[in-house]
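Colleague: structure for this input, please:
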Amino acid sequence: MLNVLLRRLFQAALTVLVVVTLVFVLFSVIPGTYASSLQADKRDVSAEVLERIEAELGLNDPLPQRFGRYMAGLAQGDLGVSYATKRPVADMLSGRVWASFRLACAAILFAVCIGLPLGFFAAMRRGSWLDTATMTLAVSGLSIPAFWAGLVLMYVFSLKLHWLPTFGYGSGGLKHLILPAITLGIAPMALLARTTRAAVLETLNSDFIRTARSKGMSERRLVLRHLARNAFVLVLTTIGLQFGSMLGGSVVIEKLFAWPGVGSLLIDSVGLRDIPAVQGAILVIVLFFLLINTLVDLAYLVVDPRIRYR
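Modeller: Residues are numbered from 1 along each chain as shown. Prediction:
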């Protein structure tokens, strides 16, 4: 397990380095800067003031010099200072990471609690009305755009029924979390239902399942001892990938529901060409994805001990 962890940490470090480099180069070569975004907002800013802003922010320095300065700060844990707010990027992110993490956890909980049982029972009753309804729901969930589903949920549960708030974080209570979590969890729920069904069907057709049944093993024991554990490896992969990508996938949902998370900060910062804030937000998203995938790899060793000897 230690070797797996060390290998994953090394791969994660390389991934972070590549992502940070690509993001920095991309936002440095595309037209426009933070100073030019002020003009785009139709602010009354003279050319002299814009030149002074660019000089103060070091935007006129050569690209290698700016990149070296950023990497030196990053090595010390300094994510830089936001161009727009003049606040440290680390402070801006610290107030938003928890909101995004809560949203991702609630969304994956919804996806697992709905998608996992649906896929399992659909596989156990293959060809029944439950199987057909589950696959129809799964295809629909993967086909419907998330922002459209969010608007429908807003219209039904907020504007018509008045059960839940339309948008915002509120005081951090559960009511404000339900709609964005369901919206974000619809697609993972549908994918998890299909994956679980496929994994269970594949395991049911295995030789060891037929052997266990021929020996008279009860269906309950067969499911708990053999079926669930062997099918869960593929399901665990899907859960890990979906959970890890939720911080990045929640960008549109956070903006739609005015959720004060990392995704909404990323969108606002891109519009302003606030490069330090953009880099900090992307770095958090990448680190979260790598952390979840590392934990999933370690969980494999517990779920399927055969992986230890490969």
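
Colleague: for the rest of this, base every contact and every neighbour count on C-alpha atoms.
Modeller: Fine.

Colleague: can you give me the helices for the protein?
Modeller: Counting by DSSP state H, one finds helices in the chain at the ranges 2-29, 34-40, 47-57, 63-75, 89-124, 129-143, 146-153, 175-204, 207-214, 219-222, 228-249, 251-256, 262-272, 275-303.

Colleague: so for Leu159, which of those sits nearest?
Modeller: Set against Leu159 and scored by Cα to Cα, these come closest in helix 146-153, at 9.2 Å.

Colleague: now that closest one, how far from the chain's geometric center?
Modeller: Chain-centre distance of helix 146-153: 18 Å, with Cα atoms, centre = their mean, to the nearest Å.

Colleague: so where is the stretch 1-150 of the chain shaky, pLDDT-wise?
Modeller: Filtered on pLDDT under 70, the stretch 1-150 of the chain yields the residue ranges 1, 4, 32, 34-47.

Colleague: need the winner for burial among the helices of the chain.
Modeller: helix 175-204 (a mean of 24; mean count of other Cα atoms under 10 Å).

Colleague: which elements pack onto that one?
Modeller: Contacts defined by 3 or more Cα pairs under 8 Å, 6 or more residues apart in numbering; DSSP states H and E place helix 175-204 against helix 89-124, helix 129-143, helix 146-153, helix 228-249, helix 251-256.

Colleague: just give the nearest non-adjacent residue to the residue nearest the centre of the chain, would you?
Modeller: For the chain, the residue nearest the mean C-alpha position is Met246 (1.7 Å; Cα atoms, centre = their mean). Spatial nearest neighbour of Met246, chain neighbours left out: Ala104 (5.8 Å); criterion: Cα to Cα, 6 or more residues apart in numbering.

Colleague: double-check that neighbour against Gly248; I have them as touching.
Modeller: No. Applying Cα atoms under 8 Å as the test, Ala104 and Gly248 come out as separate, 9.8 Å apart.

Colleague: which neighbours do those two share?
Modeller: Contact with both Ala104 and Gly248 is made by no residue, according to Cα atoms under 8 Å, 6 or more residues apart in numbering.

Colleague: who's in contact with Ala198?
Modeller: With Cα under 8 Å, 6+ apart, Ala198 has these contacts: Ala123.

Colleague: ok, 10 Å please
Modeller: 119-120, 122-123, 192, 204, 231, 234-235 (Cα atoms under 10 Å, 6 or more residues apart in numbering).

Colleague: quick revisit: the helices and strands packed on helix 175-204: which one's closest to Phe288?
Modeller: Among the helices and strands packed on helix 175-204, helix 228-249 sits nearest to Phe288 (Cα to Cα), with 6.3 Å.

Colleague: how about the helices and strands packed on helix 175-204, which one is nearest Val16?
Modeller: Of those, nearest to Val16 by Cα to Cα is helix 228-249, at 14.9 Å.

Colleague: state the mean pLDDT of that closest one.
Modeller: Across helix 228-249, pLDDT averages out at 80.

Colleague: tell me what angle it forms with helix 146-153.
Modeller: Calculated by axes from the mean of the first three to the mean of the last three Cα atoms, to 10 degrees, helix 228-249 forms an angle of 90 degrees with helix 146-153.

Colleague: helix 175-204 and helix 228-249, what's the angle between them?
Modeller: Going by the same axes, to 10 degrees, helix 228-249 makes 140 degrees with helix 175-204.

Colleague: okay, now the domains of the protein?
Modeller: 2-87, 90-303 (automatic domain parsing).

Colleague: need the helices and strands packed on helix 175-204 in JSON lines (columns: distance to Leu164).
Modeller: Formatted as JSON lines, the helices and strands packed on helix 175-204 follow (distance: least, Cα to Cα, whole Å):
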{"stretch": "helix 89-124", "distance to Leu164": "16"}
{"stretch": "helix 129-143", "distance to Leu164": "22"}
{"stretch": "helix 146-153", "distance to Leu164": "10"}
{"stretch": "helix 228-249", "distance to Leu164": "23"}
{"stretch": "helix 251-256", "distance to Leu164": "15"}
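
Colleague: can you pull the contacts of the residue nearest to the centre of the chain?
Modeller: Residues in contact with Met246 (Cα under 10 Å, 6+ apart) are 100-101, 103-105, 107-108, 184-185, 188, 263, 285, 288-289.
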